[in-house]
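**Student:** the sequence isn't on hand, but the structure is:
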C-alpha cells in the first residue's frame with residue numbers, strides 16, 4: 001500500500017507539472033493565434049477602409065464600420081486623436097458618448113508607430129477583451145487615425161478550456177493506468193515479501209526444510225535464493241550442533257563420576273545421572289545450590305573457599321558422604337555465555353581405592369599386633385642366651401634351651417607373617433577382581449566433555465577421529481586418566497585444531513593428540529607414571545602410553 005500510494009503521489013506530482021506546463025503552453029499558443037488573426041483582421045480592415053468610396057463624414061464612416069463588425073467577428077473601432085469616431089459594437093448613435101481613448105495602452109503603442117496590444121476589462125462592454133491597434137495613414141476623405149480591433153477573451157478561454165479538458169482527460173487516463181500498473185506490481189511485491197517472510201519465520205521456528213519455490217516478483221529471486229542457501233546451511237549447522245549436543249548429553253549422562261555445572265551465583269544449571277545417584281535428596285537439583293541438593297556442608301564450604309583459575313582443574317579434597325561413598329572433589333572455573341563465570345564440579349567415586357587403603361591399614365595393624373609378641377620373645381631369649389654364654393660358658397644346656405625358644409618363636413613369627421601375607425593377598429586379589437578395568441575411551445570422552453567450555457572459549461576444535469569400536473581397557477585409574485587428558489586438552493593453543501587417535505599397540509594403549517602444541521606444555525607424566533603409564537612429545541604430537549588391561 002505504501003508503494004502504491006507513493007507511486008500514485010509521484011504520478012500526480014509529475015502529471016500536475018505536465019498539466020500546468022501543457023495548459024500554459026496551449027494558452028500561449030491560443031493567444032498567439034488570436035493575435036495573428038487580429039493582425040490579419042487589422043490589415044483587412046485597413047484595406048476595406050482604403051478601398052471604400054469617399055466618406056461624406058464621420059456618420060458615414062460610423063455606419064460603414066457598424067456594417068463591417070458582424071462580418072469580421074471582431075469589434076472594430078476607428079480613433080482619431082484619442083476620440084472614437086466609429087465603433088462596431090457601440091453603433092453610430094453612441095459613439096459621441098464614448099470617452100477619450102488616447103490613454104489606452106494599445107492606442108499609445110500604435111501612436112508611437114508600432115503595433116499595440118493589451119488584454120483588459122472593457123469599460124464600455126464590461127467584459128475582458130484582447131485589444132490590438134495599428135496606425136492608419138488615412139485617405140482623401142478619412143483623417144489619419146488608429147484602427148483598433150477587440151476580441152472577447154471568453155471565446156479564447158473557451159478554446160483554452162477545451163484544450164484543458166482534453167489534456168485533463170488524458171492525464172487522468174494515464175494516472176489511472178499508472179495506478180493499476182503500480183497496484184499490480186505492488187501486489188506481486190507484497191506476495192513475494194509475504195512468502196519470503198513466512199519462510200524466514202518458519203526457519204526461525206526451527207523448520208529448516210522450508211524453502212521459497214516460486215517468487216512472482218523476479219527482483220526478489222536473488223534474495224529468495226540466498227535465503228534458501230542460508231536455510232540449508234543453518235539446517236546443516238543446527239543438525240551438526242544437535243548431534244554433538246546429543247552425543248555430549250549421552251557422555252554427560254553416562255559418566256561414572258558425578259558432574260554438576262554451577263553458574264556465577266553458585267546454583268546448579270546442569271547435573272548428570274551419577275550426581276543425582278550420589279545425592280538423591282532432590283529429584284531435580286537444577287536451580288538449587290549444592291547444599292540444597294544434598295551435598296555435605298564440608299564439601300560446600302570447601303568449594304566456597306576455592307578460587308580457581310579459569311580452565312585450571314583444582315582439587316578440592318576427599319570426603320566421605322553420608323551414604324558411605326568416598327569421593328574426590330575437583331573444580332574448574334569456566335566462562336558461561338551470558339552468565340559470566342561458572343564452575344564445573346566433579347565428584348570422583350574412589351570408594352574402592354579408599355577400601356583398599358583401609359585394607360592396607362588393617363593389614364599393617366594386624367601384622368604389627370601379631371608380630372609384636374614373637375619378636376619380644378625372640379629378643380628376650382636371644383639376650384638371655386647371650387648372657388648365659390658370657391657368664392658361664394660351660395652352661396651350654398641352658399643356652400641351648402634359650403636358643404631353642406628363639407628358633408621356635410622365629411618359626412611362629414614366620415608362620416604368622418605367611419598367614420598374614422596370604423590373607424592380605426587374598427583380600428587384595430578379591431578387591432582387585434571386584435574393580436573393573438578402566439575404559440580409556442570413555443575417560444577421553446569425559447575429558448572432552450568437561451573441557452568443552454574451555455575449548456570453545458579458546459576457539460579450539462578437538463575431535464576423536466580414529467578409535468577402536470567398543471571399550472579400550474587399561475589399568476590406570478579412571479579419574480587419573482580424565483584429569484591427565486583434560487590437562488593436555490586445555491593446554492592446546494588458541495584457535496587450533498586437535499585430532500585425537502586411540503590405538504592398541506601390543507600390551508599398550510597409545511593415545512595421540514595431533515596438532516599444534518605450546519612450547520611450555522606440561523605433560524601429566526607424574527600422574528600417569530604412578531599408574532604405569534607415560535606421557536611424552538613426539539614432535540608436536542602429545543602421546544600418552546598406557547598399560548592395556
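**Tutor:** Yes, it's here. Nothing here was measured: the structure is a model prediction, and the numbers come from that model.
**Student:** next one, pLDDT for the residue nearest to the spatial centre of the chain please.
**Tutor:** Residue closest to the mean C-alpha point of the chain, counted by Cα atoms, centre = their mean, is residue 204 at 11.3 Å. You'll see residue 204 listed with a pLDDT of 84.
**Student:** over to the one 5 residues further on?
**Tutor:** Among the per-residue scores, residue 209 holds a pLDDT of 82.
**Student:** and what of the one 10 residues further on?
**Tutor:** In this prediction, residue 219 carries a pLDDT score of 73.
**Student:** what about it, distance to residue 177?
**Tutor:** 22 Å (Cβ to Cβ, to the nearest Å). C-betas here are computed from N, CA, C, even on glycine.
**Student:** also residue 445?
**Tutor:** Per Cβ to Cβ, residue 445 is found 71 Å from residue 177.
**Student:** comparing these two, which shows the higher neighbour count?
**Tutor:** residue 445 (23 against 11; other Cβ atoms under 10 Å).
**Student:** in which helix or strand does that one reside?
**Tutor:** For residue 445, the host element (DSSP states H and E) is helix 440-458.
**Student:** packing partners of that helix?
**Tutor:** With contacts taken as 3 or more Cβ pairs under 8 Å, 6 or more residues apart in numbering; DSSP states H and E, helix 440-458 sits against helix 221-254, strand 326-336, strand 340-349, strand 461-466, helix 478-489, strand 497-505, strand 508-514.
**Student:** return the most buried member of the ones you listed.
**Tutor:** Most buried of the helices and strands packed on helix 440-458 by mean neighbour count (mean count of other Cβ atoms under 10 Å) is helix 478-489; its value is a mean of 24.
**Student:** may I see the helices and strands packed on helix 440-458 arranged in TSV, with distance to residue 189 as well?
**Tutor:** Converted to TSV, the helices and strands packed on helix 440-458 look like this (distance: least, Cβ to Cβ, whole Å):
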stretch	distance to residue 189
helix 221-254	12
strand 326-336	44
strand 340-349	46
strand 461-466	44
helix 478-489	53
strand 497-505	46
strand 508-514	54
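**Student:** so which of the ones you listed is nearest residue 143?
**Tutor:** Distance to residue 143, taken as Cβ to Cβ, is lowest for helix 221-254 among the helices and strands packed on helix 440-458, at 86.6 Å.
**Student:** other SSEs contacting the closest one?
**Tutor:** Against helix 221-254 (3+ Cβ pairs under 8 Å, 6+ apart) you get helix 153-204, helix 440-458.
**Student:** quick one: distance of it to the chain centre.
**Tutor:** In terms of Cα atoms, centre = their mean, to the nearest Å, the centre of helix 221-254 is set 15 Å apart from its chain centre.
**Student:** and the angle from that helix to helix 153-204?
**Tutor:** 20 degrees (axes from the mean of the first three to the mean of the last three Cα atoms, to 10 degrees).
**Student:** what's downstream of helix 221-254, the next helix or strand?
**Tutor:** Counting by DSSP H and E, what follows helix 221-254 is strand 258-262.
**Student:** what lines up beside that next one in the sheet?
**Tutor:** strand 268-271 (antiparallel), strand 340-349 (antiparallel) (DSSP bridges).
**Student:** what angle sits between that strand and strand 326-336?
**Tutor:** Using the same axes, to 10 degrees: strand 258-262 against strand 326-336 is 30 degrees.
**Student:** in strand 258-262, what's buried?
**Tutor:** 258, 259, 260, 261, 262 (16 or more other Cβ atoms under 10 Å).
**Student:** now the residues you listed in JSON lines, with pLDDT and distance to residue 56?
**Tutor:** Formatted as JSON lines, these follow (pLDDT from 0 to 100; distance: Cβ to Cβ, whole Å):
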{"residue": "258", "pLDDT": "87", "distance to residue 56": "141"}
{"residue": "259", "pLDDT": "88", "distance to residue 56": "136"}
{"residue": "260", "pLDDT": "89", "distance to residue 56": "135"}
{"residue": "261", "pLDDT": "89", "distance to residue 56": "130"}
{"residue": "262", "pLDDT": "87", "distance to residue 56": "132"}
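**Student:** residue 137 versus the closest residue to residue 438 other than its chain neighbours, what's the distance?
**Tutor:** Spatial nearest neighbour of residue 438, chain neighbours left out: residue 478 (4.7 Å); criterion: Cβ to Cβ, 6 or more residues apart in numbering. With distances taken as Cβ to Cβ, residue 478 is found 134 Å from residue 137.
**Student:** deepest in the core, which of the helices and strands packed on helix 221-254 is it.
**Tutor:** Taking mean count of other Cβ under 10 Å, helix 440-458 is the most buried of the helices and strands packed on helix 221-254, at a mean of 22.
**Student:** which SS state does residue 324 fall under?
**Tutor:** What DSSP: H, G, I helix; E, B strand; the rest coil gives for residue 324 is coil.
**Student:** who are the contact partners of it?
**Tutor:** Counting by Cβ atoms under 8 Å, 6 or more residues apart in numbering, residue 324 touches residue 351.
**Student:** list the contacts for residue 55?
**Tutor:** 61, 64, 139, 141, 142 are the contacts of residue 55 under Cβ under 8 Å, 6+ apart.
**Student:** mind telling me what element it is part of?
**Tutor:** Counting by DSSP H and E, no helix or strand carries residue 55.
**Student:** what is the neighbour count of the residue nearest to it when sequence neighbours are not counted?
**Tutor:** Nearest residue to residue 55 in three dimensions, chain neighbours excluded: residue 141, at 4.3 Å (Cβ to Cβ, 6+ apart). Neighbour count of residue 141, defined by other Cβ under 10 Å: 13.
**Student:** surely residue 141 is in contact with residue 49?
**Tutor:** No: Residue 141 is beyond contact range of residue 49, at 10.1 Å (criterion: Cβ atoms under 8 Å).
**Student:** quick one: residue 148 is in a strand?
**Tutor:** Yes: counting by three-state DSSP, residue 148 is part of a strand.
**Student:** and it, what does it touch?
**Tutor:** 76, 77, 78, 79, 101, 106, 107, 110, 116, 131, 132, 133.
**Student:** then residue 83?
**Tutor:** So residue 83 contacts 100, 101 (Cβ under 8 Å, 6+ apart).
**Student:** could you rerun that using 10 Å?
**Tutor:** By Cβ atoms under 10 Å, 6 or more residues apart in numbering, the contact set of residue 83 is 58, 95, 96, 98, 99, 100, 101, 102, 145.
**Student:** gap between the second one and residue 282?
**Tutor:** What that stands for is residue 95. In this view, residue 95 and residue 282 are 123 Å apart by Cβ to Cβ.
**Student:** those two: who's more crowded?
**Tutor:** A direct count of neighbours by other Cβ under 10 Å for residue 95 and residue 282 places residue 95 higher, at 21 against 15.
**Student:** pretty sure the more buried one is touching residue 86, no?
**Tutor:** Yes: between residue 95 and residue 86 there is a contact at 6.3 Å, judged by Cβ atoms under 10 Å.
**Student:** overlap in contacts, those two.
**Tutor:** With Cβ under 10 Å, 6+ apart as the test, residue 95 and residue 86 both reach 58, 59, 61, 62, 65, 66, 77, 78.
**Student:** what sits against the fourth one?
**Tutor:** Shown here is residue 62, whose contacts under the criterion Cβ under 10 Å, 6+ apart are 55, 78, 84-88, 90-96.
**Student:** and if you look at the second one?
**Tutor:** Contacts for residue 59 were tallied using Cβ under 10 Å, 6+ apart; they are 85, 86, 92, 93, 95.
**Student:** dig out what the nearest residue to residue 514 once chain neighbours are set aside forms beta bridges with.
**Tutor:** Closest residue in space to residue 514, ignoring its immediate chain neighbours: residue 499 at 4.6 Å, by Cβ to Cβ, 6+ apart. Note on residue 499: beta-bridge partners residue 463, residue 514, judged by DSSP bridges.
**Student:** before we move on, the earlier item: include mean pLDDT and distance to residue 196 when you put the strands paired with strand 258-262 into TSV, please.
**Tutor:** Listed next are those as TSV, based on pLDDT from 0 to 100; distance: least, Cβ to Cβ, whole Å:
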stretch	mean pLDDT	distance to residue 196
strand 268-271	89	38
strand 340-349	84	38
